[in-house]
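K.L.:
Need the 3D shape of this:
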Amino acid sequence: MENARLLDERLRKIISEVSGRTGGEIKKNLLREFEAGFKAAMDRHSHEETMRILALLKNAINKFD
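P.N.:
Numbering: from 1, shown residues only. So this is what the prediction gives:
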């Protein structure tokens, strides 16, 4: 009976450790996905702003002609 209890405790510890590691990996993966999405959005926004500024500059230059 004592062996069964010890085995049960060990099994619970193993399950807890595996769950914790798995949860940590899931969190890391979610953070990586979020980071990639955020970077893509920032790149798009930066590109759009650069194009807007260049268009304004072009219009200003054309007014001098």
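K.L.:
from the chain's centre, how far out does the helix or strand Lys28 falls within sit?
P.N.:
In the assignment (DSSP states H and E), Lys28 maps to helix 2-64. Computed by CA atoms, centre = their mean, to the nearest Å, the chain-centroid distance of helix 2-64 equals 0 Å.
K.L.:
okay, the residue nearest the centre of the chain: pLDDT?
P.N.:
Nearest to the geometric centre of the chain sits Phe34, at 2.5 Å (CA atoms, centre = their mean). Per-residue confidence at Phe34 stands at 92 (pLDDT).
K.L.:
That one and Met42: what is the separation?
P.N.:
Distance of Phe34 to Met42, given as CB to CB, to the nearest Å: 12 Å. Using the backbone N, CA and C atoms, a C-beta is placed for each residue, glycine as well.
K.L.:
Kindly report the same for Arg32.
P.N.:
Distance of Arg32 to Met42, given as CB to CB: 16 Å.
K.L.:
now Ser16
P.N.:
As judged by CB to CB, Ser16 and Met42 stand 38 Å apart.
K.L.:
low-scoring stretches of this protein, by residue?
P.N.:
For the chain, no stretch has pLDDT under 70.
K.L.:
rerun that using 90 as the cut-off
P.N.:
Counting by pLDDT under 90, the chain shows low-confidence ranges at 1-28, 64-65.
K.L.:
Let me know how buried Thr50 is, in neighbour terms.
P.N.:
Counted with other CB atoms under 10 Å, the neighbours of Thr50 add up to 10.
K.L.:
residues contacting it?
P.N.:
By CB atoms under 8 Å, 6 or more residues apart in numbering, the contact set of Thr50 is empty.
K.L.:
Could you do Glu17 as well?
P.N.:
Going by CB under 8 Å, 6+ apart, Glu17 touches no other residue.
K.L.:
neighbours around Lys13, how many?
P.N.:
Other residues within reach of Lys13, judged by other CB under 10 Å, total 10.
K.L.:
Please disregard the earlier target; I meant Met1.
P.N.:
Neighbourhood size, Met1 [other CB under 10 Å]: 5.
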